[in-house]
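A.B. asks: Sequence first, then the predicted structure:
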Amino acid sequence: MSLLETSALNLSIGDTQICEDLNIDCEAGDVWGVLGRNGKGKTTLLHTLAGLRPANSGEILLNQKNIKDLTRKQIAQQLGVLLQHHEDSFPSTVLETVITGRHPHIQQWQWESKTDWDIARKALETVQLTHLAERQINQLSGGERQRVSIATLITQNPDVLLLDEPNSHLDLKYQIQLLTHLCEQAKSKQQCILMTLHDLNLAVRYCNKVILLMGEGKTITGDTTQLLTEENLSQLYEYPITRLNSNGLSAFLIK
């Protein structure tokens, strides 16, 4: 089942062409990785897919409906975004921040239910921050704040998860634990994930599909196992990259 699609999507910033005629079909259970050098538009593409900025042309379909025809609340009920940078404008506790993930599903003037609070507390348990539930959000470290954002997204429980550098600020332990949880949840709940990554080995580990932003609007999309080759990646990053295989596992190294 298709959850997020693009049709002939063209996107640019100033004179920089990010993608030209991009066609992708993110189905339930898919995990997509977006790879490319800095400045090639990974974050801008993610924001465009979320409906946060317009494309130059083409269509974005969310659950078979043009995203332009949906309200922000309708989008938020189906699609969640993990941003790289967090701006906490108002004082609140960790738990109060996480419960905002339920707000797209709550009617106007309606209060959060016991079920909503239970979902939020369970999400905090998942990211191992239950002990900080009552701490002020502005008193957290960068890694703790990132885990709160992931807990908020888990609480939101959308069909489509757009993650911008989800491993940012996280120790190796939490990178693996939380990405594993999100990807397993995507499969069990028939969601899809599309995430920007710098770490090739995380893409190999978690993504079954990739978008390679090659530059000048050129993109390559398809199965991870077919596209993550030494040749493609060396061209993508303009630097020699070699692949090692051992005991059924693969890893990419810089030469």
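C.D. replies: The structure has been received and is ready for your questions. Small disclaimer: the values here were computed from a predicted structure and weren't measured. Numbers count the residues shown, from 1 in each chain.
A.B. asks: Please enumerate the strands of the stretch 51-200 of the chain.
C.D. replies: 57-62, 65-66, 79-82, 160-164, 192-196 (DSSP state E, counting those that start in this stretch).
A.B. asks: first vs last residue of stretch 29-47, how far apart are they?
C.D. replies: Stretch 29-47 has an end-to-end distance of 21 Å (criterion: C-alpha to C-alpha, to the nearest Å).
A.B. asks: about what we covered before: will you turn the strands of the stretch 51-200 of the chain into a markdown table that also has mean pLDDT and distance to A151?
C.D. replies: Where C-beta positions appear, they are placed from N, C-alpha and C, glycine not excepted. Putting the strands of the stretch 51-200 of the chain into a markdown table (pLDDT from 0 to 100; distance: least, C-beta to C-beta, whole Å) gives the following:
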| stretch | mean pLDDT | distance to A151 |
| --- | --- | --- |
| strand 57-62 | 98 | 23 |
| strand 65-66 | 97 | 28 |
| strand 79-82 | 97 | 11 |
| strand 160-164 | 98 | 13 |
| strand 192-196 | 98 | 16 |
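A.B. asks: Can I get those strands in CSV including distance to C26?
C.D. replies: Output for the strands of the stretch 51-200 of the chain, formatted as CSV (distance: least, C-beta to C-beta, whole Å):
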stretch, distance to C26
strand 57-62, 10
strand 65-66, 14
strand 79-82, 11
strand 160-164, 7
strand 192-196, 4
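A.B. asks: of all the ones you listed, which lies closest to Q128?
C.D. replies: strand 79-82 (17.3 Å; C-beta to C-beta).
A.B. asks: Parallel or antiparallel, which strands does that closest one pair with?
C.D. replies: If you go by DSSP bridges, strand 79-82 pairs up with strand 160-164 (parallel).
A.B. asks: Measure how the partner strand sits relative to strand 192-196, angle-wise.
C.D. replies: 10 degrees (axes from the mean of the first three to the mean of the last three C-alpha atoms, to 10 degrees).
A.B. asks: Extract the C-alpha trace of strand 160-164 and format it as CSV.
C.D. replies: The C-alpha trace of strand 160-164 is given here as CSV (Å, rounded to 0.1, in the frame of the first residue of the first chain):
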residue,chain,number,x,y,z
VAL,A,160,4.7,8.4,7.4
LEU,A,161,7.8,9.3,9.5
LEU,A,162,10.2,11.8,7.9
LEU,A,163,13.5,11.8,10.0
ASP,A,164,16.2,14.4,9.4
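A.B. asks: what about the protein, any weak spots by pLDDT?
C.D. replies: 88-89 (pLDDT under 70).
A.B. asks: Tell me which residue is most central in it.
C.D. replies: The centroid of the chain falls nearest to L163 when counting by C-alpha atoms, centre = their mean (1.6 Å).
A.B. asks: quick one: contacts for that one?
C.D. replies: V81, L82, L153, L182, I193, L194, M195, T196 (C-beta atoms under 8 Å, 6 or more residues apart in numbering).
A.B. asks: Just give the closest residue to the third one, not the sequence neighbours.
C.D. replies: For L153, ignoring the flanking residues on the chain, the nearest one in space by C-beta to C-beta, 6 or more residues apart in numbering is G80 at 4.8 Å.
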